[in-house]
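Peer 1: Show me the folded form of this:
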Amino acid sequence: MFKPLLLAAAMGLSVSAQAATFAYISSPADGLISQYRLDETNGALSLVTQTKAGEQVNPLAAAHDGTRLYAALRAKPYKVVGYRIEPGSGHLKAFSEAPLAESLAYLSLDRSDRYLMGASYGGDLLSVQPVEATGSEQIKTYKTGLHAHSIRTDLSNRFVYAGNLGVDQVLQYQLDNQNGSLTPIGSGQVSVAANSGPRHLAFSPDGKFLYVVGEMSGTVTGFAIDPASGALTRVSQADGIPERLKLAHGEVRDARNNDLKDDPTPRIWAADIRLSPDGRLLFISERTTSSVSVFKVEPASGQVTWLDNYPMQEKQPRNIAVAPGGRWLLVTGEKSDTVGSYAIGADGALKRVSEAPSGKGALWIEMVQVPDA
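Peer 2: Prediction:
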């Protein structure tokens, strides 16, 4: 499966004329998954339909073959709902439900679409379960340090990495493709800068590098992936918060005081990280200033260089997504009534070109190219 994935990544800038590009966005405050159509020719975004998913629907995970979408509910009883994505229309049709180990802040599928993986921020654990599992007995859990915040497999589907925000570590594992179990690589972790808060992850299109955004520092740290062992080696780091934003260093947050209402100091509060399909531009969102920072990436070395920071009209942008064709960036705002579409210039400059109404508290974005029926 490794070679076809690499080929697809290398061809990321070409969009099939026989496929429509849809974005699926969860909004926990109203329990909806909103479906949008993106016109890849001009960036126009339009709301297609909304699906009632359930209370506190939050992280989503799209199958790599574009046929299914999974949604985790963060209200008890914690569960995941599976949807089939209908060819042509892209509409969602529920077909399965299964329990989850905990309230999940992050959801992903391995590259074979056989295992559902989750990170629990409040439960300090990672979970792995077969997608066809219907009972909790098939869920494998792995305790982490404080506040696990992401989990993804590399392009070869041999290695798994997780952002462990509260202890400033990126966890590293080998994946057993036969049963979904995780085995630590070496000591099981690599450290990032103190108090940076590693949150979300992104892989280079060739699978050689892993990039991590620091929630509390607004930095991007790049790691080289050893192709034999999966061990990570730090190769770059870049600050993404310019002085003009006048932000103090961030603090660890939890459900009791997520917005730091008792702290009037504007602080760094970075969230998501995404790469362009060609791997040459990298984007992170910053919630306090409602902005997105853009970086240049050297594909051969993994070096990252900050380019600029752009204000977003979407207030408190949590998740962002680059369209498959590489020309458009979609931005949600947890405190915004709209979802925005931004043109990506050759130099990474962002210009808003379209918007569509959003659900309440919109955050998670999954983009899928759906073939005609």
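
Peer 1: Arg318 is in contact with Thr332, isn't it?
Peer 2: Yes: when contacts are counted by Cβ atoms under 8 Å, Arg318 is listed as touching Thr332 (6.3 Å). Bear in mind the C-beta positions are built from the backbone N, C-alpha and C, glycine included.

Peer 1: Same drill for those two, tell me which one is more crowded.
Peer 2: Thr332 (30 against 20; other Cβ atoms under 10 Å).

Peer 1: In contact with Leu330, which residues are there?
Peer 2: 23, 36, 38, 45, 320-323, 339-342, 365, 367 (Cβ atoms under 8 Å, 6 or more residues apart in numbering).

Peer 1: Kindly recompute the last result at 10 Å.
Peer 2: 23, 25, 36, 38, 43, 45, 274, 314, 319-323, 339-342, 354, 356, 365, 367 (Cβ atoms under 10 Å, 6 or more residues apart in numbering).

Peer 1: what do you get for Ile273?
Peer 2: Neighbours of Ile273 in contact, by Cβ under 10 Å, 6+ apart: 150, 163, 199-202, 211-214, 220, 240, 282-285, 293, 295, 320.

Peer 1: Quick one, which of these are buried?
Peer 2: Burial by neighbour count, judged by 16 or more other Cβ atoms under 10 Å, picks out 150, 163, 199-202, 211-214, 220, 240, 282-285, 293, 295, 320 from those.

Peer 1: can you list the weak-confidence ranges in this protein?
Peer 2: 1-17, 256 (pLDDT under 70).

Peer 1: And the helices in it?
Peer 2: 2-10 (DSSP state H).

Peer 1: What are the boundaries of the strands in the stretch 151-300 of the chain?
Peer 2: 159-164, 169-175, 182-191, 198-203, 209-214, 219-225, 232-239, 270-275, 281-286, 291-297 (DSSP state E, counting those that start in this stretch).

Peer 1: Using a markdown table, lay out those together with distance to Glu97.
Peer 2: A markdown table is the format used below for these (distance: least, Cβ to Cβ, whole Å):
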| stretch | distance to Glu97 |
| --- | --- |
| strand 159-164 | 25 |
| strand 169-175 | 25 |
| strand 182-191 | 24 |
| strand 198-203 | 26 |
| strand 209-214 | 32 |
| strand 219-225 | 35 |
| strand 232-239 | 35 |
| strand 270-275 | 27 |
| strand 281-286 | 31 |
| strand 291-297 | 35 |
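
Peer 1: And the ones you listed: which comes nearest Asp372?
Peer 2: Comparing the strands of the stretch 151-300 of the chain against Asp372 with Cβ to Cβ, the closest turns out to be strand 270-275 (26.9 Å).
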